[in-house]
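In: with the sequence up front, the predicted model follows.
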Amino acid sequence: MARRDREQTRRRLLDAAFVEFAAYGIGGARMERIARIAGCSAGLAYNYYGGKEELFDAVQSEVVDAAFVPFDAADLPGYAARLYDRQYEHPEFARLATWHRLERPGPVRRSGEIEAIRRAQADGLVSARFSAEQVLVLVLAIASMWSDAPADSPDHVVRRQAVQDAVRRLVEP
């Protein structure tokens, strides 16, 4: 029974942190607010994750990565369109990604995707004009460029097609 309660508390903390980080970023997020939303004490939240940085990393790996669309290096245009759809339907994912870029700059840490693009380049499925790392960053940027559009935007279908076409032209051999 205690194991189940522990897992439920951890899940509530992750869900509350996702909302908090999407709204305020790492710098603006407050562990006390996250704990209150999760229905536990701030001390318990620190006990589970140590601090905001660790909790942000947990949200990134357990909530965001689990909810994102499957990566397909052989179909980067389709992947970009599905990623655009996900961010259009759930703008909090796009906001969290923006906070990550702002507050955690550095190289893209998606080695599996980069390696898959390298293999697709070696197989002639993806252009080698850019490095695999550059291709991934460009695909992610193109898929996210309209993430701040209103959810009821009439241009959604047109923008989705533009994302898919732009990535197709970027990666075609």
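Out: That came through, no problem. Numbering: from 1, shown residues only.
In: who are the packing partners of the longest helix seen in the chain?
Out: Counting by DSSP state H, the longest helix found in the chain is helix 2-28. With contacts defined as 3 or more C-beta pairs under 8 Å, 6 or more residues apart in numbering; DSSP states H and E, the packing partners of helix 2-28 are helix 31-38, helix 42-49, helix 52-58, helix 91-103. Where you see a C-beta, it was placed from the backbone N, CA and C, and this is true even at glycine.
In: leaving out sequence neighbours, find the closest residue to Asp72.
Out: Nearest residue to Asp72, sequence neighbours excluded (C-beta to C-beta, 6 or more residues apart in numbering): Tyr79, at 5.1 Å.
In: in the longest helix of the chain, which residues are buried?
Out: Residues of helix 2-28 classed as buried by neighbour count (16 or more other C-beta atoms under 10 Å): 9-10, 12-14, 16-22, 25-26.
In: would a markdown table of these with distance to Lys52 be doable?
Out: Shown next, in a markdown table, are the buried residues of helix 2-28 (distance: C-beta to C-beta, whole Å):
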| residue | distance to Lys52 |
| --- | --- |
| Thr9 | 17 |
| Arg10 | 16 |
| Arg12 | 17 |
| Leu13 | 12 |
| Leu14 | 13 |
| Ala16 | 12 |
| Ala17 | 8 |
| Phe18 | 13 |
| Val19 | 14 |
| Glu20 | 9 |
| Phe21 | 8 |
| Ala22 | 14 |
| Gly25 | 10 |
| Ile26 | 6 |
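In: now distance to Cys40 and pLDDT too, for these, in a markdown table please.
Out: What follows is these, written out as a markdown table (distance: C-beta to C-beta, whole Å; pLDDT from 0 to 100):
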| residue | distance to Cys40 | pLDDT |
| --- | --- | --- |
| Thr9 | 6 | 90 |
| Arg10 | 10 | 89 |
| Arg12 | 7 | 93 |
| Leu13 | 7 | 94 |
| Leu14 | 12 | 92 |
| Ala16 | 9 | 94 |
| Ala17 | 12 | 93 |
| Phe18 | 16 | 91 |
| Val19 | 15 | 91 |
| Glu20 | 14 | 93 |
| Phe21 | 17 | 93 |
| Ala22 | 20 | 90 |
| Gly25 | 22 | 92 |
| Ile26 | 20 | 92 |
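In: no further queries at this time; thank you.
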